[in-house]
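# from the sequence below, what's the structure:
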Amino acid sequence: MQISRARSLRKSLRKQHVSEEERMVEHQQSFAYSKEQWLTEGTGLFALKQYEKALAAYEQASQLDPTDALVHEYKGNALSGLKRHEEALAAYEQAIQLDPTSVVASTGKSNALSELERYEEALAAYEQAIQLDPTYALAYANKGSTLSRLERYEEALAAYEQAMQLDPTSVGASAGKSYALSELKRYEEALAAYEQAIQLDPTYALVHEYKGNTLSRLKRYEEALAAYEQAMQLDPTSVGASAGKGYALSKLKRYEEALAAYEQAMQLDPSDALVHEYKGSTLDRLERYEEALAAYEQAIQLDPTYALAYANKGLVLSGLKRYEEALAAYEQAIQLDPTYARTYVYKARVLFQLRRYKEALGAVKQAYRQANQFGTLIDVNF
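Numbering: from 1, shown residues only. As a prediction, this is how the structure comes out:
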């Protein structure tokens, strides 16, 4: 009898335990998020740039309703924020498959293609987005960005202006317009456009940086320096602003300060070949030739196609009277960029030092040909 009672008690306890577990599941399910709640949470996290957490929220929404195009579109946005562009492209394409009329998903797809350097496909996708909604300013602005990457600046300018016509408050379009104008050497117009962009958003660091670049091209180095410093104040992680600051300081002959700025830029991104080349140029001006040579070597290691780094390396080697090595550096620079007239002049000077006068004369003639073709001035004095 006692054994029977014990078995009955254990059975009763097991039933009670199962019942408690069921009640806990029901309690948890009563607090489970709906698809809309996951989307709302993800959107809030995305706005805070917490892209991993936003993506996790969108994944939860997707599990609840995998046929909702908006969920896939939002997933694409989060993946783009994480720079996972292949996955973002797949998410946007899934959204478009579910809703072919989604202009936002079509624009997102275009952006992903552009980030993947599939520029012609990106432009086709932007055209599709614009056909879906000709009033969607962002599609025009992003189309302008892709055209700028292709160095098709006149077309880029037209796209940015269309975006601004549709949305005069678009700081991205205003900044892009400024950049295109600068690349077209319409510098004063570019500066006016940068000022307009800054009025729209004074906290947009990249606009201040690009303004600095344009001022540097105009040789207004004090103003450029102020623009770069403003950019760095807004975004202390900006490699471009730090490098630009170093360049302006170097042009102002504040070489030690320039080197400090380059060191800061290299701490932010040691893989930027341009910064190492700038550093080499400044070290050369300080007559610290071995250090300059090392900086140029580092730039070339990071970017073996960097013609100017080879040319400047040749100048340092020539100054050290290592003429054969200098000549090899100039040959490499010319192979990478046959249009740069000054490299032929540098080569001619080295050939003259090596008493290879006929070859030196040939290099001078080539320098003149390139200078005449591209409208540049050169000094061929030996």
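
# most centrally placed residue in the protein?
By Cα atoms, centre = their mean, the chain has its centre lying nearest to Glu115, at 9.2 Å.

# these two touch, right, it and Gly81?
No - applying Cβ atoms under 8 Å, one finds Glu115 not in contact with Gly81, separated by 11.5 Å. C-beta: built from backbone N, CA, C; applies to glycine.

# and Ala190, what element?
helix 187-200 (DSSP states H and E).

# buried residues in that helix?
Across helix 187-200, burial judged by 16 or more other Cβ atoms under 10 Å covers Glu189, Ala190, Leu191, Ala193, Tyr194, Gln196, Ala197, Ile198, Leu200.

# nearest to Gln233, of these?
Using Cβ to Cβ, Ile198 is the member of the buried residues of helix 187-200 that lies nearest Gln233, at 13.4 Å.

# any chance of the buried residues of helix 187-200 in JSON lines, plus distance to Asp303 and pLDDT?
Converted to JSON lines, the buried residues of helix 187-200 look like this (distance: Cβ to Cβ, whole Å; pLDDT from 0 to 100):
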{"residue": "Glu189", "distance to Asp303": "31", "pLDDT": "97"}
{"residue": "Ala190", "distance to Asp303": "27", "pLDDT": "97"}
{"residue": "Leu191", "distance to Asp303": "30", "pLDDT": "97"}
{"residue": "Ala193", "distance to Asp303": "30", "pLDDT": "95"}
{"residue": "Tyr194", "distance to Asp303": "28", "pLDDT": "96"}
{"residue": "Gln196", "distance to Asp303": "34", "pLDDT": "95"}
{"residue": "Ala197", "distance to Asp303": "30", "pLDDT": "95"}
{"residue": "Ile198", "distance to Asp303": "32", "pLDDT": "97"}
{"residue": "Leu200", "distance to Asp303": "35", "pLDDT": "95"}
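
# dump those into CSV; add distance to Ser238 as well.
Formatted as CSV, the buried residues of helix 187-200 follow (distance: Cβ to Cβ, whole Å):
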residue, distance to Ser238
Glu189, 24
Ala190, 19
Leu191, 20
Ala193, 20
Tyr194, 16
Gln196, 21
Ala197, 16
Ile198, 16
Leu200, 19
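
# in contact with the residue nearest to the centre of the chain, which residues?
Each residue near Glu115 by Cβ atoms under 8 Å, 6 or more residues apart in numbering is listed here: Ser80, Lys83, His85.

# burial of the first one, as a residue count?
Spelled out, that is Ser80. Using other Cβ atoms under 10 Å, Ser80 is surrounded by 20 other residues.

# need the contact list for it.
Counting by Cβ under 8 Å, 6+ apart, Ser80 has contacts Ala88, Gly108, Asn111, Ala112, Glu115.

# what about 10 Å?
Tyr51, Glu87, Ala88, Leu89, Ala91, Tyr92, Gly108, Asn111, Ala112, Glu115 (Cβ atoms under 10 Å, 6 or more residues apart in numbering).

# pLDDT wise, what is the nearest residue to Lys313 once chain neighbours are set aside at?
Leaving aside its sequence neighbours, Lys313 sits nearest to Tyr296 (Cβ to Cβ, 6 or more residues apart in numbering; 4.0 Å). Looking at Tyr296, its pLDDT is 98.

# my read: Tyr296 touches Ala309, true?
Yes - taking contacts as Cβ atoms under 10 Å, Tyr296 lies within contact range of Ala309: 5.2 Å.

# about what we covered before: and which of the contacts of Ser80 is nearest to Thr343?
Nearest to Thr343, judged by Cβ to Cβ, of those is Glu115 at 33.5 Å.

# how deep is Thr237 tucked in, by neighbour count?
Residues near Thr237, counting by other Cβ under 10 Å: 10.

# now pLDDT and secondary structure too, for the contacts of Glu115, in TSV please.
Formatted as TSV, those follow (pLDDT from 0 to 100; DSSP: H, G, I helix; E, B strand; the rest coil):
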residue	pLDDT	secondary structure
Ser80	96	helix
Lys83	95	coil
His85	97	helix
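
# pick the one among those closest to Gly144.
The closest of the contacts of Glu115 to Gly144 turns out to be Ser80 (Cβ to Cβ; 18.0 Å).

# phi and psi next, for Asp133.
Taking degrees, to the nearest 10, you get phi -150, psi 90 for the backbone angles of Asp133.

# need the three-state assignment for the residue nearest to Lys313.
Put simply, Tyr296 is helix when judged by DSSP: H, G, I helix; E, B strand; the rest coil.

# what's the pLDDT at the residue nearest to Ser145 when sequence neighbours are not counted?
Spatial nearest neighbour of Ser145, chain neighbours left out: Gly176 (5.8 Å); criterion: Cβ to Cβ, 6+ apart. Per-residue pLDDT puts Gly176 at 96.

# count the neighbours of Gly176 for me.
Residues near Gly176, counting by other Cβ under 10 Å, number 29.

# check contacts around it.
Residues counted as contacts of Gly176 (Cβ under 10 Å, 6+ apart) are 140-145, 147-148, 156-157, 159-161, 163-164, 170, 193, 197, 210.

# kindly recompute the last result at 6 Å.
Gly144, Ser145, Tyr160 (Cβ atoms under 6 Å, 6 or more residues apart in numbering).
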